[in-house]
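>>> here is my input; please provide its structure:
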Amino acid sequence: MPRLYPLPPARPGGAVPFHADEVKGSLGGRFARVLEAVPDRIALRWGKGALRYAELDRASAAVAATLLDRLGPEPEPVALYMRQGADAVAAVLGSVRAGKTYVPLDPGFPAKRTARILQQALPSLVLTHADLEETARDAVGAVSPVIVAPGAFEASRGEPVSLPSDGAGPDTLGRTDESNLR
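Here you go, the predicted model:
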């Protein structure tokens, strides 16, 4: 088990520094630590919208509860047939939180690519947005059941989401390069 280091205070601009060993931890674990340290900080921005860590946590908890209710606690793949947006980020975190492997499927993928991914991954179900449900059913066919993900951030759908531009960077959730540790 990796050693846990105390979380230092956030730097000016919002970035929460952490030790390089934490890169080996899980996405869910890192998110939980950042949530605990700065729940009211902006986690994502899009267009004119923004989402705080506590709001993203509640949305991911709703996705996790939906998955656990439908599938139980066993680890298994779940496909996410979603456009970019805060709901997609919540679905990724909710899948991880429920102990599932997520398989991202972009609605813009060619049908053959989607079919090939589904045949290889064999997801237990497919989460999608309400407005994509029919398209998802057509794309998925009889491979997996399709359900609508609980969503609260429809305004972000189809818009790229980003980390805050107020000085926070990729190290808000994780680092991949030790040169950033200074």
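>>> low-scoring stretches of this protein, by residue?
Counting by pLDDT under 70, the chain contains low-confidence ranges at 1-25, 143, 151-182.
>>> ok, which stretches of it are helices?
Counting by DSSP state H, the chain has helices at residues 27-37, 53-71, 86-97, 111-121, 133-140.
>>> helices and strands around the longest one, which ones?
With contacts defined as 3 or more C-beta pairs under 8 Å, 6 or more residues apart in numbering; DSSP states H and E, helix 53-71 has these neighbours: helix 27-37, strand 42-46, helix 86-97, strand 125-128. (Glycine included, C-beta is placed from N, CA and C.)
>>> quick check: angle from that helix to helix 27-37?
140 degrees (axes from the mean of the first three to the mean of the last three C-alpha atoms, to 10 degrees).
>>> list the buried residues for helix 53-71?
53, 55-57, 59-64, 66-68, 71 (16 or more other C-beta atoms under 10 Å).
>>> could you count how many residues lie near the nearest residue in space to Pro145 that is not next to it in sequence?
Distance criterion C-beta to C-beta, 6 or more residues apart in numbering; nearest residue to Pro145, sequence neighbours excluded, is Leu125 at 4.9 Å. Number of residues near Leu125 (other C-beta atoms under 10 Å) recorded here: 19.
>>> Leu71 contacts Pro123, doesn't it?
No: applying C-beta atoms under 8 Å, one finds Leu71 not in contact with Pro123, separated by 10.1 Å.
>>> tell me, what's touching the two both at once?
Val78 (C-beta atoms under 8 Å, 6 or more residues apart in numbering).
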